[in-house]
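> Could you look at this predicted model? Sequence included:
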Amino acid sequence: MDLKAYFENHTGFGVLSTADQDGRVNAAVYSRPHFMEDGSLAFIMRGRLTHQNLQKNPNAVYLFREKNQGYKGYRLYLTKVGEDTNQELIESISRRSYVQDRSELRYLVYFRLDEVLPLVGSGDVASDVD
């Protein structure tokens, strides 16, 4: 399965879910993941609740629903493996321009991909990728 190609060729809606050390869950809208050369996935985030949760609990789930009729997409089960605050690096891979508030620090948070499941059910994902 080539997830990088999948995300390059599909548009849709993504949600990154995290939980704090006590299990209180947060869900936030996030764009497609960045696929790094070392095989990790990364998301650019600000120092808000999702980032705060990941400081205490490294587990996350990214749910992506394709923009079409029906329920096609994937659930990516992730574990945080690191982060970077190099603003030049973040700016170089950012898909959006954040002109309005450059004073707020952004983080590039790296994840290991632990499991991939279809959006609905628990079937074999290898046969689901276009």
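Cool, the structure landed.

> Could you report the neighbour count for residue 6?
By other CB atoms under 10 Å, 18 other residues sit near residue 6. Bear in mind the C-beta positions are built from the backbone N, C-alpha and C, glycine included.

> Can you tell me the SS state at it?
Of the three states, residue 6 takes helix under DSSP: H, G, I helix; E, B strand; the rest coil.

> Show the model's pLDDT score for it.
The confidence metric pLDDT takes the value 95 at residue 6.

> Next one: it from residue 54, what distance?
Separation of residue 6 from residue 54 (CB to CB, to the nearest Å): 24 Å.

> Check residue 43 too.
10 Å.

> before we move on, what about residue 35?
Remark: distance between residue 35 and residue 54 (CB to CB) = 19 Å.

> More neighbours: which of the two?
Legend: neighbour count by other CB under 10 Å for residue 35 and residue 54, higher for residue 54 (25 against 17).

> would you say that one is within a helix?
Yes. In this structure, residue 54 lies within a helix as judged by three-state DSSP.

> So it is in contact with residue 19, correct?
No. Applying CB atoms under 8 Å, one finds residue 54 not in contact with residue 19, separated by 9.6 Å.

> returning to what we had before: tell me, what's touching residue 43 and residue 54 both at once?
residue 109 (CB atoms under 8 Å, 6 or more residues apart in numbering).

> Which strands or helices does the worst-scoring helix or strand of the chain on mean pLDDT pack on?
One helix or strand of the chain scores below all others by mean pLDDT, DSSP states H and E: helix 87-93, with a mean of 91. The helices and strands touching helix 87-93, judged by 3 or more CB pairs under 8 Å, 6 or more residues apart in numbering; DSSP states H and E, are strand 41-46, strand 106-118.

> Below-threshold pLDDT in this structure: ranges please.
97-102, 124-130 (pLDDT under 70).

> any idea how far residue 70 is from the most centrally placed residue in it?
Taking CA atoms, centre = their mean, the centroid of the chain lies closest to residue 33, which sits 4.6 Å from it. Distance of residue 33 to residue 70, given as CB to CB: 22 Å.

> Verify the contact between residue 13 and residue 29 for me.
Yes. Under the criterion of CB under 8 Å, residue 13 makes contact with residue 29 at 7.3 Å.
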